[in-house]
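In: I'd like to go over a predicted model; first the sequence, then the structure.
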Amino acid sequence: MFERINGHEQLLFCNDEHTGLKAIIAIHNTTLGPALGGCRMRPYKTTDEAIEDVLRLSKGMTYKCAAADVDFGGGKSVIIGDPLTDRTPEMFRAFGQFVESLNGRFYTGTDMGTTPNDFVHALKETNCIVGVPEEYGGNGDSSIPTAEGVLYGLKATNNVLFGSEDLNGKTYSIQGLGKVGYKVALQLLESGADIYVTDINEKAIRQIADQAEGLKGNIKVVEGDEIYSVPADVFVPCALGGVINDETIEHLKVKAVVGSANNQLLRDEHGKFLQERGILYAPDYIVNAGGLIQVADELYTPNKARVLAKTRAIYDTLMEIYTQSNENSISTAEAANQFCNDRIESRRKRNSFFSHDKRPKWNVRN
Ligand SMILES: NC(=O)C1=CN([C@@H]2O[C@H](COP(=O)(O)OP(=O)(O)OC[C@H]3O[C@@H](n4cnc5c(N)ncnc54)[C@H](O)[C@@H]3O)[C@@H](O)[C@H]2O)C=CC1
Ligand SMILES: O=C(O)CCC(=O)C(=O)O
């Protein structure tokens, strides 16, 4: 296990027999600040699969915080269970108790399979919760800025590919119509774009199909893996990670991949494979940082204008990554990792600067 978590700081297994909670919290790196990252609920087939997911997701958060320039580190949590049948208020209270036991080392909120209301229950046990509904003192639904960030990512990518930011007149293939994917799909239809969509949940498909009536763009529903081979301009993954892999790359007919899903590349080298196939990849953690920006903002004095400004900056950061990838002849994934590693290293050096809040522990008189 220690070899497996090499590069991570901490892995915490949370087991509560009374509520059936089985959760894992991973803290990857706290150089930039306390770990921050959402909580995903999935019916993982094995504990091993859950560990793999939480390790990959928490590492992504370290880079996401660095890229978005928020002073938090990388962490994430997963609950093993089916969000449609297994979630209870008591389970989230138990989860809150485990989060509290970390004493401010980890802040969490929603991700795939969980909602802000689940965390209203956890909030009764700990203040280390973000993405809280406005009526409970938070900034509300974090998937709204996440979807906005994806749209900025699409505009920047269109600018590079077509010389114009316009979203209309293009075709997008969207995988997953949940909290983020639905909002992106709706905006694209409103702007006059055509979309292919897929989701394993029929209700999600019906919801967007109903909304599409009367909007400028057209919608076409496809089944499962068909989404990888439709003739779209941009593939927009908004469901699971690992969807850019040896198999799917073969089928992709798109010019770019820009979506909200965390850990889209199954392995880092898949960024290079996309580049070799002439497909422009917008690194996921750059594009999907809107939610992080909003939830981190809750921990300062909340300020909506700041959230908007930082979310809008996703456009510029992505352009910078595209430029660095071009100038240094490296993939966009490598350029993004380098950009973030430089920021983390520079902070690590600043952390060695002595200040009065870092007094030696033996100085008991103060
Ligand atoms: N909610 C947020 O603010 C943020 C979300 N993300 C990432 O974006 C992705 C989507 O997140 P949410 O919209 O919040 O999740 P969600 O749980 O609200 O929606 C996910 C949707 O994907 C569908 N889905 C699951 N497996 C699928 C498959 N194999 N094929 C097609 N559809 C499938 C689900 O039925 C659901 O409708 C996740 O990877 C999440 O980690 C990243 C940053 C922030
Ligand atoms: O969006 C959130 O609620 C928290 C941030 C996060 O977990 C993510 O960006 O994946």
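Out: Thanks, I have it. Ligands and ions are numbered 1, 2, ... in the order given.

In: quick check: longest helix of this structure.
Out: helix 304-328 (DSSP state H).

In: Are it and ligand 1 in contact anywhere?
Out: No - judged by Cβ under 6 Å from any ligand atom, helix 304-328 and ligand 1 are separated, with a smallest distance of 11.3 Å. In short, each C-beta sits where N, CA and C put it, glycine included.

In: Report the contact partners of the residue in the stretch 101-250 of the chain that ligand 1 sits nearest to.
Out: Closest residue of the stretch 101-250 of the chain to ligand 1, Cβ to the nearest ligand atom: Gly178 (1.6 Å). Neighbouring residues of Gly178 by Cβ atoms under 8 Å, 6 or more residues apart in numbering: Met112, Ser143, Asp199, Asn201, Ala204, Cys238, Ala239.

In: and it, how far is that from Glu135?
Out: 22 Å (Cβ to Cβ, to the nearest Å).

In: neighbours around the residue of the stretch 251-366 of the chain found nearest ligand 2, how many?
Out: Relative to ligand 2, the nearest point of the stretch 251-366 of the chain is Gly291 (2.6 Å; Cβ to the nearest ligand atom). Using other Cβ atoms under 10 Å, Gly291 is surrounded by 29 other residues.

In: near ligand 2, which residues of the protein show up?
Out: 37-38, 64, 109-111, 131, 142, 146, 262, 288, 291-292, 295.

In: which stretches of this structure form helices?
Out: 47-68, 89-101, 116-122, 143-162, 179-191, 202-212, 246-251, 269-276, 284-287, 290-298, 304-328, 332-351.

In: Any chance of JSON lines for the ones you listed, columns distance to Asn168 and mean pLDDT?
Out: Shown next, in JSON lines, are the helices of the chain (distance: least, Cβ to Cβ, whole Å; pLDDT from 0 to 100):
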{"stretch": "helix 47-68", "distance to Asn168": "28", "mean pLDDT": "97"}
{"stretch": "helix 89-101", "distance to Asn168": "41", "mean pLDDT": "98"}
{"stretch": "helix 116-122", "distance to Asn168": "32", "mean pLDDT": "96"}
{"stretch": "helix 143-162", "distance to Asn168": "10", "mean pLDDT": "97"}
{"stretch": "helix 179-191", "distance to Asn168": "5", "mean pLDDT": "97"}
{"stretch": "helix 202-212", "distance to Asn168": "15", "mean pLDDT": "95"}
{"stretch": "helix 246-251", "distance to Asn168": "26", "mean pLDDT": "97"}
{"stretch": "helix 269-276", "distance to Asn168": "25", "mean pLDDT": "97"}
{"stretch": "helix 284-287", "distance to Asn168": "20", "mean pLDDT": "98"}
{"stretch": "helix 290-298", "distance to Asn168": "22", "mean pLDDT": "95"}
{"stretch": "helix 304-328", "distance to Asn168": "18", "mean pLDDT": "96"}
{"stretch": "helix 332-351", "distance to Asn168": "25", "mean pLDDT": "95"}
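
In: export these to JSON lines and tack on distance to Asn29?
Out: As requested, those are arranged in JSON lines below (distance: least, Cβ to Cβ, whole Å):
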{"stretch": "helix 47-68", "distance to Asn29": "4"}
{"stretch": "helix 89-101", "distance to Asn29": "18"}
{"stretch": "helix 116-122", "distance to Asn29": "23"}
{"stretch": "helix 143-162", "distance to Asn29": "22"}
{"stretch": "helix 179-191", "distance to Asn29": "25"}
{"stretch": "helix 202-212", "distance to Asn29": "34"}
{"stretch": "helix 246-251", "distance to Asn29": "29"}
{"stretch": "helix 269-276", "distance to Asn29": "21"}
{"stretch": "helix 284-287", "distance to Asn29": "13"}
{"stretch": "helix 290-298", "distance to Asn29": "15"}
{"stretch": "helix 304-328", "distance to Asn29": "19"}
{"stretch": "helix 332-351", "distance to Asn29": "7"}
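
In: Buried residues in the longest helix of the chain, which are they?
Out: Of the residues in helix 304-328, 307, 310-311, 313-315, 317-318, 320-322, 324-325 count as buried by neighbour count, 16 or more other Cβ atoms under 10 Å.

In: Tell me the gap between it and the middle of its chain.
Out: 16 Å (Cα atoms, centre = their mean, to the nearest Å).

In: for stretch 20-32, same thing?
Out: From the chain centre to the centre of stretch 20-32 is a distance of 15 Å (Cα atoms, centre = their mean).

In: go on, stretch 257-270?
Out: Distance, centroid of stretch 257-270 to centroid of chain: 11 Å (Cα atoms, centre = their mean).

In: Can you dump the C-alpha atoms of it in PDB for me?
Out: Output of stretch 257-270 as PDB, limited to C-alpha atoms (Å, rounded to 0.1, in the frame of the first residue of the first chain):
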ATOM      1  CA  VAL A 257     -11.600  17.200 -26.500                       C
ATOM      2  CA  VAL A 258     -12.900  19.700 -23.900                       C
ATOM      3  CA  GLY A 259     -15.100  18.600 -21.000                       C
ATOM      4  CA  SER A 260     -15.700  18.600 -17.300                       C
ATOM      5  CA  ALA A 261     -14.900  14.900 -16.400                       C
ATOM      6  CA  ASN A 262     -12.000  14.500 -14.100                       C
ATOM      7  CA  ASN A 263      -9.100  12.400 -15.200                       C
ATOM      8  CA  GLN A 264     -10.200  12.000 -18.800                       C
ATOM      9  CA  LEU A 265      -6.900  10.500 -19.900                       C
ATOM     10  CA  LEU A 266      -6.600   6.900 -18.800                       C
ATOM     11  CA  ARG A 267      -2.800   7.400 -18.700                       C
ATOM     12  CA  ASP A 268      -0.700  10.500 -19.100                       C
ATOM     13  CA  GLU A 269       0.600   9.200 -22.500                       C
ATOM     14  CA  HIS A 270      -2.900   9.400 -23.900                       C
END
